[in-house]
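Chemist: Just a sequence and a predicted model for now, questions to come.
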Amino acid sequence: MLYHPNSAQAASSYQIQLATPAFYILIAVLALFFLMYFYLKLSTSSKRALAGFIEATEVDVAFLGSSVILLLYLAANYPSGNHVAWAMSQVILQGYWLALAIPIVTVGNTVHGKTRGSLPWRGPSVALALIVFVVLLYIVYA
């Protein structure tokens, strides 16, 4: 269940909190990808293995990183934010967007890469992920 600022337990404003388990998990997952990269880089001299890891994780790292940046921006600029800022933070922190967007874009990126661009799915899958974000934002905002 989403915590909605209009519920009886809500404060008088739309507080954007980063000191939550969800934010720490988001940071930890992002850090794990970087630790895996450095471990792979130190444990093998295979450039192919490193390139494969980067290809497999680039979409995940991009979405996780952009989510962290957006949350930091919202918390810095709208700590007692408006309803839209709060809804954006909840779409990310509740995991709804990343749970849908990462698989969509991962598949699109893989198809694009494996077909060497003859099936250009990367751009449309990113566009679809952004549409999913807007739809989820609308649902949470409502």
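Modeler: Done, it's in. Keep in mind it's a predicted model, so treat the numbers as computed, not measured.

Chemist: Any stretches of the protein with poor pLDDT?
Modeler: Applying pLDDT under 70 to the chain picks out residues 1-12.

Chemist: Give the residue farthest from the middle of it.
Modeler: Each residue of the chain has a distance to the centre, and by CA atoms, centre = their mean the biggest one is for residue 45: 30.5 Å.

Chemist: Check which helix or strand that one maps to.
Modeler: Assessed by DSSP states H and E, residue 45 sits outside every helix and strand.

Chemist: now it: how far from residue 94?
Modeler: Note on residue 45: its distance to residue 94, by CB to CB, to the nearest Å, is 42 Å. To be clear about C-beta, it is placed using only N, CA and C from the backbone, and glycine gets the same treatment.

Chemist: Ok, residue 50 next?
Modeler: Applying CB to CB to residue 50 and residue 94 gives a distance of 34 Å.

Chemist: list the helices and strands the longest helix anywhere in the chain packs on?
Modeler: Taking DSSP state H as the criterion, the chain has its longest helix at helix 47-77. Applying 3 or more CB pairs under 8 Å, 6 or more residues apart in numbering; DSSP states H and E, one finds that helix 47-77 contacts helix 21-43, helix 83-93, helix 96-114.

Chemist: closest one to residue 128 among these?
Modeler: helix 96-114 (5.6 Å; CB to CB).

Chemist: For the closest one, list every residue counted as buried.
Modeler: By 16 or more other CB atoms under 10 Å, the buried positions in helix 96-114 come out as 96-98, 100-102, 104-106, 108-110, 112.

Chemist: mind giving me a markdown table with those and columns for distance to residue 24?
Modeler: As requested, these are exported to a markdown table (distance: CB to CB, whole Å):
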| residue | distance to residue 24 |
| --- | --- |
| 96 | 18 |
| 97 | 18 |
| 98 | 15 |
| 100 | 22 |
| 101 | 20 |
| 102 | 19 |
| 104 | 25 |
| 105 | 24 |
| 106 | 24 |
| 108 | 29 |
| 109 | 27 |
| 110 | 29 |
| 112 | 33 |
